[in-house]
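Colleague: Compute the structure for the input listed below.
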Amino acid sequence: MRRKNKILFGVLVVSVAIIILLSNFYFLLYDKSFYVSEFSKYDLYIEKWDMFLDNMFDFFKGKAELNPYFNERETSHMDDVKDVIHGFVVALQAALVVSLVFGFYLLKDKRKRRKTIVKLLIYSGGLAMLISVLFFVLSFKFEWLFVNFHSVFFKPGTWIFYEGDLLIKIFPQQFFVDFFSRVVFVNFIIGEIMLIVGVILLKFKNLLRLI
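Modeller: Prediction:
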């Protein structure tokens with residue numbers, strides 16, 4: 001690869017890894033079954049939880065106002081959460097655009113197309129697994145990670161609530177531990193599958209003819 005193509009390929013690898021991570025986050029964020037499982041697991045009871053989740057999902061997507069379940073401080077924080085989610089969605093969309101543009105450019109050379117695809121699978125899958133391992137290690141210091149995440153994305157004091165507040169009852173810290181763990185696990189599995197497929201294609205070169 002020429003120097004320019006190497007740089008573009010490196011950006012493409014990072015973009016694909018970002019897509020994998022943020023897509024996992026996005027799909028789990030709107031996975032109603034996950035919330036129901038958590039509510040049952042930690043004995044969380046919400047009257048008409050189905051309507052509650054539908055409203056919260058629509059609120060995050062900017063399709064509805066948040067129903068008055070929460071007090072003023074909680075509602076303000078949910079507005080901030082919606083802004084953070086929107087930022088992640090914009091980052092995901094940007095990564096998709098970069099991947100499409102750079103991918104099209106790098107794959108237009110038919111002579112190197114197969115080799116590029118294999119390398120992309122291996123490097124992006126490996127990076128996704130590396131990110132997952134890093135997050136897994138950080139999960140042992142989850143409280144530190146949780147605090148610093150909120151310190152970066154939220155204004156000081158706006159994300160701290162009283163024990164009796166509804167947000168704390170519905171979304172205890174263990175909920176976020178489980179959410180984080182699920183995203184990291186699925187991210188690792190997807191990266192592993194990509195890496196294995198890439199290695200298989202590299203080892204059995206006849207399979208490359210199918211691409």
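
Colleague: Run through the helices of this structure in chain order.
Modeller: 3-29, 32-41, 49-60, 72-107, 110-138, 142-153, 166-170, 173-203 (DSSP state H).

Colleague: Packing partners of the second one?
Modeller: For helix 32-41, the packing partners by 3 or more Cβ pairs under 8 Å, 6 or more residues apart in numbering; DSSP states H and E come out as helix 49-60, helix 173-203. Heads up, the C-betas are built off the backbone N, CA and C, glycines and all.

Colleague: 10 Å - rerun?
Modeller: helix 3-29, helix 49-60, helix 166-170, helix 173-203 (3 or more Cβ pairs under 10 Å, 6 or more residues apart in numbering; DSSP states H and E).

Colleague: which helices and strands does the last one pack with?
Modeller: This points to helix 173-203. Judged by 3+ Cβ pairs under 10 Å, 6+ apart, the packing partners of helix 173-203 are helix 3-29, helix 32-41, helix 110-138, helix 142-153.

Colleague: between the shortest one and helix 3-29, what angle do the directions make?
Modeller: Right, helix 32-41. 50 degrees (axes from the mean of the first three to the mean of the last three Cα atoms, to 10 degrees).

Colleague: Make a markdown table out of the helices and strands packed on helix 173-203 and add mean pLDDT and distance to L202.
Modeller: Shown next, in a markdown table, are the helices and strands packed on helix 173-203 (pLDDT from 0 to 100; distance: least, Cβ to Cβ, whole Å):
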| stretch | mean pLDDT | distance to L202 |
| --- | --- | --- |
| helix 3-29 | 94 | 16 |
| helix 32-41 | 88 | 36 |
| helix 110-138 | 93 | 5 |
| helix 142-153 | 92 | 35 |
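
Colleague: Can you tell me which of those helices is nearest to I196?
Modeller: helix 110-138 (7.7 Å; Cβ to Cβ).

Colleague: Now find how far off-centre the closest one is within its chain.
Modeller: 16 Å (Cα atoms, centre = their mean, to the nearest Å).

Colleague: Tell me which residues of it come out buried.
Modeller: Residues 114-129, 131-132, 135 are the ones in helix 110-138 that count as buried (16 or more other Cβ atoms under 10 Å).
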